[in-house]
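In: Following is a predicted model, sequence given first.
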Amino acid sequence: MIAIVDYGVGNLYSLRCSLEHIGAASVVTREESVLRSAERIILPGVGAFGDAADKLRVLKLDTLLQSLAAKGKPLMGVCLGMQLLFDEGLEYGTHKGLGLIPGRVVPLAPVAVGLKVPHMGWNSLDIQKPEDPLMAGVRQGAYVYYVHSFYAAECDAALVATSSYGAQVAAVVRRANVCGTQFHPEKSGEVGLSILAAFAKGGA
Amino acid sequence: MLTKRIIPCLDVRNGRVVKGVNFEGLRDVDDPVTLARFYNDSGADELVFYDITASYEGRPLFADALKRVAAEVFIPLTVGGSINTLEDFDRVLKCGADKVSVNSGAIQHPELIGQAAKRYGDQCVVLSMDVRRVGGHFHVFAKGGRVDTSMDAIEWVQYGADHGAGEVVVNSIDTDGVRGGFDLPMLTAIGDAVSLPLIASGGAGTREHFVSLFQLPQVDAGLAASIFHSREVDIRALKAYLSDHGVPMRL
């Protein structure tokens, strides 16, 4: 069973539907007992870093996720959920993240010179670690769907794949059992479904 | 590399797709799920659903259709039509919409753009505008293009960008339905005014029209309905053609 963390942020319906489509059972929850007993956890999210981090803290999900991750539970962040895995985010002020992967989330605008922000649409993947389980069914240059204005920086050790958009945008990251995608796998067609399937079937 | 996007648009009334649908080999062409799946499988980069249901009572049928589409289509879905309040945003997002497009509702209540962006994020708010030339200026029209608001399209798009719109759809009333090509001068003028992703709509008739469209650096996506529904233009073939002409495409 995959637990999708419900902390009042984002569109969980599509994520649930894509997991169902690939035959992975999931539950949307914020219950500690359910999160503890789940085999894997997905942290979704759209919106602003600070708001989302506050919501996790208010619901005491920050410390719970940190302790479950430390015990080796596979955890995957999606979009803002991935950004929250890092040490801090600089969206409308400086906000503390979960600190599960070293790095900070910074604005794209200063580096995406001459490019539109948000980075919205289909961009190609440059896979640095093809051996990562999440990349098992993904070919070099495959397209995934992005919508974001901030990106994870100073996280070179964690980079599994990147996309080029002014900066080298962290597309897929991993540190041990904690992983994440900046793009939306649930909206990235067959490529995204294969990444979700890899996570669901033990790719973390 | 970020690709340009091709976006078919489905008009849905009381849960059924209306107008101009002429597929061979698809039995229930009025079913949004069948059509959405078809487009998902033919390489469309996103889908847009417009709810043109006239009555409040008809809305649940649209919600049901949207939910069924969202359950089976794994590309982004934008929903528009009758979005006037934050509750309308909430209603369609809960059914699986990824982005919500506002038009007349934002003209009546401009603060809706900022409120929605604050609650759901900029990426969720698509400012859709129907624009027509009036006395040498680009005017924004409301109510499905019927009412001249006298608002200047350049000022309106800048207002939207400043208040949290994450994307802009420009429908040219002047070229819509004519199939003589997109409104390149209008798109250039509006695209130059903001740095948001810009979706062009109105005027697509042939694949060459898309080649001309994507020569504009301001334009990120092309949206069309009837030429795709009628299968005069096949999306997969169109994308291959554009790629051959140097337009970055997801193939």
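Out: Received, thanks.
In: Show me which residues of chain A sit near chain B.
Out: Chain A comes close to chain B at residues A:11, A:13-14, A:17-18, A:20-21, A:46-48, A:115-124, A:143, A:145, A:147-149, A:164-165, A:184, A:186-190, A:192-193, as judged by Cβ under 8 Å from any Cβ of the partner chain. Quick note: C-beta positions are derived from backbone N, CA and C, even for glycine.
In: Where strands are concerned, which of those residues count?
Out: Judged by DSSP state E, strands contain the following of those: A:119-124, A:143, A:145, A:147-148, A:164-165.
In: Give me the buried subset of these.
Out: A:119-124, A:143, A:145, A:147-148, A:165 (16 or more other Cβ atoms under 10 Å in any protein chain shown).
In: from those, which single one is nearest residue B:134?
Out: Minimum distance to residue B:134 across those is 30.8 Å, recorded for residue A:120 (Cβ to Cβ).
In: quick one: pLDDT of the residue nearest to residue B:235 when sequence neighbours are not counted?
Out: Spatial nearest neighbour of residue B:235, excluding adjacent residues (Cβ to Cβ, 6 or more residues apart in numbering or on different chains): residue B:42 at 4.7 Å. Note for residue B:42: predicted pLDDT of 92.
In: follow-up on the earlier one: columns pLDDT on top of the ones in strands among the residues of chain A next to chain B, output as TSV?
Out: Listed next are these as TSV, based on pLDDT from 0 to 100:
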residue	pLDDT
A:119	93
A:120	94
A:121	96
A:122	98
A:123	98
A:124	98
A:143	98
A:145	97
A:147	91
A:148	90
A:164	97
A:165	97
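In: For residue A:63, state which of the residues you listed is nearest.
Out: Looking across these and measuring by Cβ to Cβ, the closest to residue A:63 is residue A:148, at 26.2 Å.
In: For that closest one, name its beta-bridge partners.
Out: On the basis of DSSP bridges, residue A:148 is bridged to residue A:119.
In: still on that earlier bit, adding distance to residue B:247, write the ones in strands among the residues of chain A next to chain B out as JSON lines.
Out: Shown next, in JSON lines, are those (distance: Cβ to Cβ, whole Å):
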{"residue": "A:119", "distance to residue B:247": "19"}
{"residue": "A:120", "distance to residue B:247": "17"}
{"residue": "A:121", "distance to residue B:247": "13"}
{"residue": "A:122", "distance to residue B:247": "13"}
{"residue": "A:123", "distance to residue B:247": "15"}
{"residue": "A:124", "distance to residue B:247": "15"}
{"residue": "A:143", "distance to residue B:247": "14"}
{"residue": "A:145", "distance to residue B:247": "18"}
{"residue": "A:147", "distance to residue B:247": "21"}
{"residue": "A:148", "distance to residue B:247": "23"}
{"residue": "A:164", "distance to residue B:247": "18"}
{"residue": "A:165", "distance to residue B:247": "18"}
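In: distance of residue B:64 from residue B:211?
Out: Computed with Cβ to Cβ, to the nearest Å, the distance linking residue B:64 and residue B:211 is 39 Å.
In: For these two, work out which one has more neighbours and name it.
Out: Neighbour count, other Cβ atoms under 10 Å in any protein chain shown: between residue B:64 and residue B:211, residue B:211 has more, with 16 against 13.
In: Can I take it that the more buried one is in a strand?
Out: No. Residue B:211: not assigned to a strand; according to DSSP: H, G, I helix; E, B strand; the rest coil it is helix.
In: what about the nearest residue to it once chain neighbours are set aside, how many neighbours?
Out: Nearest residue to residue B:211, sequence neighbours excluded (Cβ to Cβ, 6+ apart): residue B:245, at 5.0 Å. Residues lying near residue B:245 (other Cβ under 10 Å) number 15.
In: Hmm, residue B:245 is touching residue B:208, no?
Out: No. In this structure residue B:245 lies outside contact range of residue B:208 using Cβ atoms under 8 Å: 9.1 Å.
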